[in-house]
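Undergrad: how would this look folded up:
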Amino acid sequence: MRTGRAIAWLRGVVVAVGVAAVVGMVVLWPRGDAPDLGIRPTTYVDATVRSIDTRDCDSVEVPGALSGCRVLGVELTSGDRSGTTTTVTVLDTQLEVPVVHDGDRIVLLDTRSPDDATRYTFVDFQRGPPLVALTVLFVVVVIAFGRLRGLRALFGLLASALVLVLFIVPALLRDAPALPVALVGTVVIAFLALYLAHGLNVPTTVALAGTLASLVVIALLSLSVSAATHLTGLGDEAAQTLRITASELDLRGLLIAGMVVGALGVLDDVTVTQVSAVQALLRARPDIPRRHLYSEAIHIGRDHIASTVNTLILAYAGAALPLLLFFAEGVAPTSRIITGELVAVEIVRMMVGSIGLVLSVPITTALAALVITPDHALAGHSHGHAEAPVGEPDDDPADRGDEWDRFAPRDDLDL
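TA: Modelled structure (predicted):
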């Protein structure tokens, strides 16, 4: 009876949060035109490198002088001149342009200049085909292993991307308050991702409740720590550009919103794992006391958190590796480098996210141990239980003594 009352309360809270998120999305939905970010219309065309000629060209920095350059002979494969050939000049001083080889597929900026020699400039390599192939491989692997649940998880991923592209980003561009937008968006994403992947059931609701509680903690921590450390959001070059082109944007709010959104993906993993651990323990031993159930599940959570925090640190370090190498060559003291905004932002992001992850384990495990019953653990777990009706264990827990004795310590083994 007490468990049923706890489930009812939990469902009521989750439904109330869901309704509030929908209302918030309606209120904050992007309306009107986005501000002009000062970005000029551009035309890009695809091309294939057919020849490379190294020679001396007129220097841009010193009129009349010569500078080393590469003249790329390219065949245009898109645009109004598709099928024709032209040249692209790359000066040796253009260090932002990588080394290209004959046969490389590249992207060019079409400046519409009447001078064909300067009309096209190098932008990037074409990465569409390998990215499409990788996406197809990802979908195949997920469905092959996850089957129906993997397919549902992909739908959840698609729904999350739609919320991000159709709501969060446009709302932020229209100067909506960043933290409410991030919270509303992440709550909606959490509902869609979890329920689509794992179904409408009590264990999923428990995982969702743990995720939502942790998101609130991360949002409050991000807000307070960003203010205490005087983070401005100007450490990123793109943010500095936005301050010029869209001065009304709240850059600190954008920074906090990024921390909240970025933490959601790992939170889902941790909370679902804890709920699954509780379910597995209940399937193995339905008569386990609630306190013992929590204690055993929290051991699993500690191991998971230890590896997850290490993963987060390595992920951030890997992403910032070029930046770390740049600072390693400098002469600034280490303390100045660490407390500089560019590095401090990443430290705050990592620490706040990790604190939220750690707290999600006891929160989710406590909720799961309180409300999940052996019936919930057996429902949807067909392996070995297909003959048992949903809601009825396939055998009496009291008859499992001999089975559990096999896992007890034995004194008769000569080791």
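
Undergrad: What about Asp58, how many residues nearby?
TA: Counted with other C-beta atoms under 10 Å, residues neighbouring Asp58 total 13. (Glycine included, C-beta is placed from N, CA and C.)

Undergrad: Is it correct that it is in contact with Thr89?
TA: No. Asp58 lies out of contact with Thr89 (C-beta atoms under 8 Å); the separation is 9.5 Å.

Undergrad: any weak-confidence spans in the stretch 301-415 of the chain?
TA: Applying pLDDT under 70 to the stretch 301-415 of the chain flags the ranges 312-313, 315-341, 379-415.

Undergrad: Let me see the ranges of the helices in this structure.
TA: Here the chain has its helices, by DSSP state H, at 2-28, 116-119, 128-163, 169-173, 178-198, 202-228, 237-245, 251-284, 290-319, 321-328, 334-339, 341-371, 374-378, 401-405.

Undergrad: The fourth one - contacts with which helices or strands?
TA: Same thing as helix 169-173. Using 3 or more C-beta pairs under 8 Å, 6 or more residues apart in numbering; DSSP states H and E as the contact test, the elements touching helix 169-173 are helix 178-198.

Undergrad: can I see the domain layout of the protein?
TA: What automatic domain parsing lists as the domains of the chain is 2-33+174-378, 44-128.

Undergrad: Let me know which of those is tucked in deepest.
TA: Counting by mean count of other C-beta atoms under 10 Å, domain 2-33+174-378 has the highest mean neighbour count of the domains of the chain, with a mean of 17.

Undergrad: Centre of the chain to it, how far?
TA: Centre-to-centre, domain 2-33+174-378 and its host chain are 10 Å apart (C-alpha atoms, centre = their mean, to the nearest Å).

Undergrad: need the helix or strand of the protein with the lowest average pLDDT.
TA: None of the helices or strands of the chain scores lower by mean pLDDT, DSSP states H and E than helix 401-405, at a mean of 41.

Undergrad: where's Thr364 relative to Asn310, distance?
TA: From Thr364 over to Asn310 the distance is 20 Å, taken as C-beta to C-beta, to the nearest Å.

Undergrad: separation between the residue nearest to Val202 when sequence neighbours are not counted and Val272?
TA: Once flanking residues are discounted, Val202 sits nearest to His376: 4.9 Å by C-beta to C-beta, 6 or more residues apart in numbering. In this view, His376 and Val272 are 14 Å apart by C-beta to C-beta.

Undergrad: pretty sure Gly150 contacts Val142?
TA: Yes. Between Gly150 and Val142 there is a contact under C-beta under 8 Å: 4.3 Å.

Undergrad: Quick one, grab the pLDDT at Leu281.
TA: The score at Leu281 is 91. That number is its pLDDT.

Undergrad: before we move on, what about Glu61?
TA: 62.

Undergrad: Quick check: Arg70 touching Asp56?
TA: No. At 11.0 Å, Arg70 does not count as touching Asp56 under the criterion of C-beta under 8 Å.

Undergrad: and Leu66, what does it touch?
TA: Asp56, Cys57, Asp58, Ser59 (C-beta atoms under 8 Å, 6 or more residues apart in numbering).

Undergrad: can you tell which of the domains of the chain is closest to Ala161?
TA: domain 2-33+174-378 (9.2 Å; C-beta to C-beta).

Undergrad: Any chance of the helices of the chain in a markdown table with distance to Arg105 as columns?
TA: Output for the helices of the chain, formatted as a markdown table (distance: least, C-beta to C-beta, whole Å):
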| stretch | distance to Arg105 |
| --- | --- |
| helix 2-28 | 41 |
| helix 116-119 | 19 |
| helix 128-163 | 8 |
| helix 169-173 | 29 |
| helix 178-198 | 35 |
| helix 202-228 | 41 |
| helix 237-245 | 27 |
| helix 251-284 | 32 |
| helix 290-319 | 27 |
| helix 321-328 | 25 |
| helix 334-339 | 39 |
| helix 341-371 | 34 |
| helix 374-378 | 53 |
| helix 401-405 | 61 |
